[in-house]
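Visitor: pasting the sequence and the predicted model now:
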Amino acid sequence: MFNEKLNKQLSSALSENGFQQPTAIQTKALPKINGGLDLIVVGPPACGKSSTILIGAIQKLKNAFEDAPRALIIVPDETSALAMLEKFKWMSCYTDLRAEVVFESGKINKQTEAIYFGTDIVIGTAKRVMEIYLKKNLNITKIKLLAFDDAETLVKQNVQSLLERLSLSLPKCQHLIFTNELNAKVEKLADKFLVSPLLIEG
């Protein structure tokens with residue numbers, strides 16, 4: 001069973017959707033996320049990395065609060081963003097937490113408006129997140145958690161400078177890097193963002 005330290009609403013949602021047992025990655029990573037540590041999590045596809053990010057974020061945020069987002073999840077593309085949003089919807093079904101997705105093919109005015117009216121989590125591509133931020137339409141002053149999913153793909157997109165600029169603008173927060181492989185570019189990304197990170201491999 002998932003650790004009993006997960007809140008009741010989240011545990012119920014996971015159980016009802018067939019998540020009876022945590023994966024090896026989740027068993028190792030979730031207590032550390034709950035503890036506020038910066039992490040580099042390395043594991044093969046389909047080992048539960050994206051779900052771990054969401055479980056950690058939902059557990060950390062608990063309930064909707066004010067309008068500014070408190071978690072930011074950077075993903076490689078629209079498909080990844082929409083898939084993560086669908087997971088979020090059922091994982092958070094017993095909470096009032098809100099999430100919005102942003103990506104280049106979407107209408108930026110519509111995405112900006114959705115964020116403006118209040119959200120707890122923003123899931124998006126680096127380019128679109130930065131585009132909205134630079135237009136002063138993304139309040140990042142309340143961010144508690146910044147996560148990079150599929151980091152090995154992100155570094156291939158040459159968005160490191162955008163990610164670095166974004167991270168330097170954030171308040172002190174927890175940083176998570178999830179990747180299929182830990183190569184030199186991912187290590188360089190981690191060196192710029194993470195403070196004394198713990199490496200977890202699955």
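Guide: Perfect, thanks for sending it.
Visitor: from here on, just use CA atoms for contacts and neighbour counts.
Guide: OK.
Visitor: how about Phe117, nearest residue that isn't a chain neighbour?
Guide: Leaving out its chain neighbours, the residue that sits closest to Phe117 by C-alpha to C-alpha, 6 or more residues apart in numbering is Asp67, at 6.6 Å.
Visitor: averaging pLDDT per element, find the lowest-scoring helix or strand in the chain.
Guide: Every helix and strand in the chain was compared by mean pLDDT, DSSP states H and E; the lowest is helix 160-169, with a mean of 84.
Visitor: and that one, what does it pack onto?
Guide: The helices and strands touching helix 160-169, judged by 3 or more C-alpha pairs under 8 Å, 6 or more residues apart in numbering; DSSP states H and E, are helix 126-134, helix 184-193.
Visitor: and the residue nearest the centre of the chain?
Guide: Nearest to the mean C-alpha position of the chain, by C-alpha atoms, centre = their mean, lies Ile73 at 3.1 Å.
Visitor: and the helix or strand hosting that residue, what does it pack onto?
Guide: Counting by DSSP states H and E, the element that carries Ile73 is strand 71-74. The contact analysis (3+ C-alpha pairs under 8 Å, 6+ apart) places strand 71-74 against strand 121-124, strand 145-148.
Visitor: tell me which of those lies nearest to Asn34.
Guide: Relative to Asn34, the nearest member of those by C-alpha to C-alpha is strand 145-148, separated by 11.0 Å.
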